[in-house]
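Okay, structure incoming, though there's no sequence with it:
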């Protein structure tokens, strides 16, 4: 497993050093030899190695030892449950700790005033197939259309493996957080089982995630198209409006039936009409004189823009 995670094969290893009580067992030594094709190095005293390692760890944590860097890693992927009950990864498995990762999310519904922060641990793409290790609510989010609020989520793991998760609404500054102790009650056997299950179900998991992502994209397209029609009702020709509304209805029916193939076809059709819808809105806007032009003023210089404008992509939670 370690070789696979590192992208190596047994032939890439020059020497195998065995340490620990298990290194005294002939069956273990034979297994190591069989895997790597070479005799393991047994020159390290197992008892001394344990004592020395504990002493070095204590020295590093106390600050008395500064020339040695100890690296530990996260045993499983850490992330959040997001729209469609999927696991959105923040800290991948085998990331060196201490580490910190933040990502900005947004709301999935209009007028949403709270966000459920569900922290998960595991290797499966669906939230239900992973271990829940923490959950809290961020309240006080200002009501706004979906996709507008910005919720910054921070995962911070210290040298002891203790995970701190915080969520802050950038609009109000309100924040909530929890602290999750190292290990979260999960054993080595559980870790191995979860990794193996992820490999076993990889193909079906990828298909399930792809289906949910398609559904999310379809739902978002319906929302954005309806909003564009509402906001620009007077600028859209009636025949085009009727056409777009019919295609919206077709896509909604596919979403309701949870038919991925029909959703993809309906999205392609609706996107084509959305292009013409956008062209119609901009054409109508260009025919309406600006206030400066109407009063004899100069139009804005061509190519002028706001250099402070930044585009961003957010995930829904």
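Ah, there it is. Model, not experiment: these values are computed from the prediction.

how about low-confidence regions in this structure?
68-70, 183-185, 287-317 (pLDDT under 70).

so what are the domain limits for it?
Under the assignment automatic domain parsing, the domains of the chain span 2-70, 73-200, 203-291.

okay if I get those domains as CSV plus mean neighbour count?
For the C-beta atoms, the positions are set from N, CA and C on the backbone; glycine is no exception. As requested, the domains of the chain are exported to CSV (neighbours: other CB atoms under 10 Å):
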stretch, mean neighbour count
domain 2-70, 12
domain 73-200, 17
domain 203-291, 15
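
Tell me which residues touch residue 99, please.
Residues touching residue 99, when contacts are defined by CB atoms under 8 Å, 6 or more residues apart in numbering, comprise 74, 91, 156-157.

what does residue 150 give?
Contacts here follow CB under 8 Å, 6+ apart; on that basis residue 150 touches 104-106, 169-171, 314.

all strands of the stretch 1-150 of the chain, in order?
If you assign secondary structure with DSSP state E, counting those that start in this stretch, the strands in the stretch 1-150 of the chain sit at 72-73, 78-82, 86-91, 96-97, 99-106, 114-121, 131-139.

okay if I get these as JSON lines plus distance to residue 260?
Output for the strands of the stretch 1-150 of the chain, formatted as JSON lines (distance: least, CB to CB, whole Å):
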{"stretch": "strand 72-73", "distance to residue 260": "36"}
{"stretch": "strand 78-82", "distance to residue 260": "19"}
{"stretch": "strand 86-91", "distance to residue 260": "15"}
{"stretch": "strand 96-97", "distance to residue 260": "38"}
{"stretch": "strand 99-106", "distance to residue 260": "24"}
{"stretch": "strand 114-121", "distance to residue 260": "24"}
{"stretch": "strand 131-139", "distance to residue 260": "28"}
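
Tell me the spacing between the nearest residue to residue 79 once chain neighbours are set aside and residue 124.
Nearest-residue entry for residue 79: residue 89, 4.4 Å, with adjacent residues in sequence omitted and distances by CB to CB, 6 or more residues apart in numbering. As for residue 89, its distance to residue 124 is 11 Å (criterion: CB to CB, to the nearest Å).

immediately after the longest helix seen in the chain, which helix or strand?
Counting by DSSP state H, the longest helix found in the chain is helix 202-231. Reading on from helix 202-231 to the C-terminus, the next helix or strand found by DSSP states H and E is helix 238-257.

what's that next one packed up against?
helix 202-231, helix 260-287 (3 or more CB pairs under 8 Å, 6 or more residues apart in numbering; DSSP states H and E).

can you tell which of these is closest to residue 85?
Between residue 85 and the helices and strands packed on helix 238-257, the tightest spacing by CB to CB is seen for helix 202-231, at 7.5 Å.

what's the distance between that closest one and the middle of its chain?
Computed by CA atoms, centre = their mean, to the nearest Å, the chain-centroid distance of helix 202-231 equals 16 Å.

between the contacts of residue 150, which is nearest residue 207?
Ranked by distance to residue 207 (CB to CB), the contacts of residue 150 are led by residue 105 at 24.7 Å.

Pretty sure residue 154 is one of the things that closest one touches, is it not?
No: Residue 105 is not in contact with residue 154 according to CB atoms under 8 Å; the separation is 11.4 Å.

Go ahead and flag the most central residue of the protein.
residue 88 (3.0 Å; CA atoms, centre = their mean).

what's it in contact with, if anything?
Contacts of residue 88 were listed using CB under 8 Å, 6+ apart, and they are 79-82, 103, 315.

in the sheet, who's paired with the closest residue to it other than its chain neighbours?
By the measure of CB to CB, 6+ apart, the closest residue to residue 88 outside its immediate chain neighbours is residue 82, 4.4 Å from it. In this structure, residue 82 has beta-bridge partners residue 86, where bridges are defined by DSSP bridges.

Residue 82 and residue 105 touch, don't they?
Yes: counting by CB under 8 Å, residue 105 is a contact partner of residue 82 at 7.0 Å.

how close does the residue lying closest to residue 20 once chain neighbours are set aside sit to residue 15?
In this structure, residue 20 finds its nearest non-sequential neighbour in residue 46, 5.3 Å apart by CB to CB, 6+ apart. Summarising the geometry, the distance separating residue 46 from residue 15, computed by CB to CB, is 17 Å.

same thing with residue 221?
The span separating residue 221 from residue 15 equals 56 Å under the rule CB to CB.
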